[in-house]
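In: got a predicted structure here, sequence first:
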Amino acid sequence: MKTIREIDNISFRRLAYLLIMIGITFALDSLFNLSVVYKLWPLITASLGMGLLVIFIRRQDKKILIQAIGEYLLLFSVLALYCNFNSWHQLKFLWPFFVLFLGIVFITSFIFQRKNRFLFFLGFFLTWLSVYFFFLIFLGHQVWWTIFIVIGLSILLSIKLL
């Protein structure tokens, strides 16, 4: 393990510049009463998600859990950023995105590990399910019976695509 003196000074300089920039941003937000910084908190989760994805890409042994968590955090931060600048009350219509995010994560997990077909089926099913929930939200609850058609189509398409 390296001591502090052995670590490259460039890393410390980058950290110092980053902390100074964060401090200046908070100071400007506080002094001019901009109230913008609190709306940008999803960028923290986005950077954490991107960091996990970079770790996943650079590692020799690809841990699929690192990829899944990083991807979900990245997708969630896009939705949270949208809700911060619009209204969080819109989540009563946008909540199927959480199901869609899980579907996307499972499908990309299957792409990186072609071993488990169940990941593809589950991702495909969750994606269809989120589309179905959007369908129900915007068209009404009188079409509940279509869930059986959606499930049947997802099974047939996942068998055909694999």
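Out: Thanks, I have it. Quick caveat: nothing in here was measured; it's all calculated off a predicted structure.
In: give me phi/psi at Val36?
Out: phi -110, psi -30 (degrees, to the nearest 10).
In: please apply the same query to the one 3 residues further on.
Out: Dihedral pair for Lys39: phi -80, psi -10, per degrees, to the nearest 10.
In: next, the contact list for it, please.
Out: By Cβ atoms under 8 Å, 6 or more residues apart in numbering, Lys39 lies in contact with Leu81, Asn84, Phe85. C-beta here means a position set from N, CA and C on the backbone, and glycine is covered the same way.
In: tell me the confidence at it?
Out: Listed pLDDT for Lys39 reads 84.
In: ok, now how distant is it from Thr45?
Out: Lys39 sits 13 Å away from Thr45, taking Cβ to Cβ, to the nearest Å as the criterion.
In: before we move on, what about Leu81?
Out: 9 Å.
In: name the nearest residue to Leu91, sequence neighbours excluded.
Out: With Cβ to Cβ, 6 or more residues apart in numbering as the criterion, Leu91 has its nearest non-adjacent residue at 6.4 Å, and that residue is Cys83.
In: helix, strand, or coil at that neighbour?
Out: Following DSSP: H, G, I helix; E, B strand; the rest coil, we place Cys83 in the helix state.
In: isn't it up against Trp95?
Out: No: counting by Cβ atoms under 8 Å, Cys83 does not reach Trp95; the two are 10.9 Å apart.
In: quick revisit: and the residue nearest to Leu91, what does it touch?
Out: Counting by Cβ under 8 Å, 6+ apart, Cys83 touches Gln90, Leu91, Leu94.
In: and the pLDDT for the last one?
Out: The predicted local distance difference test score for Leu94 is 95.
In: that one against Phe76, yeah?
Out: No: using Cβ under 8 Å, Leu94 makes no contact with Phe76, being 11.7 Å away.
In: what about the helix or strand that contains Leu53, average pLDDT?
Out: Using DSSP states H and E, Leu53 falls within helix 42-58. For helix 42-58, the mean per-residue pLDDT is 91.
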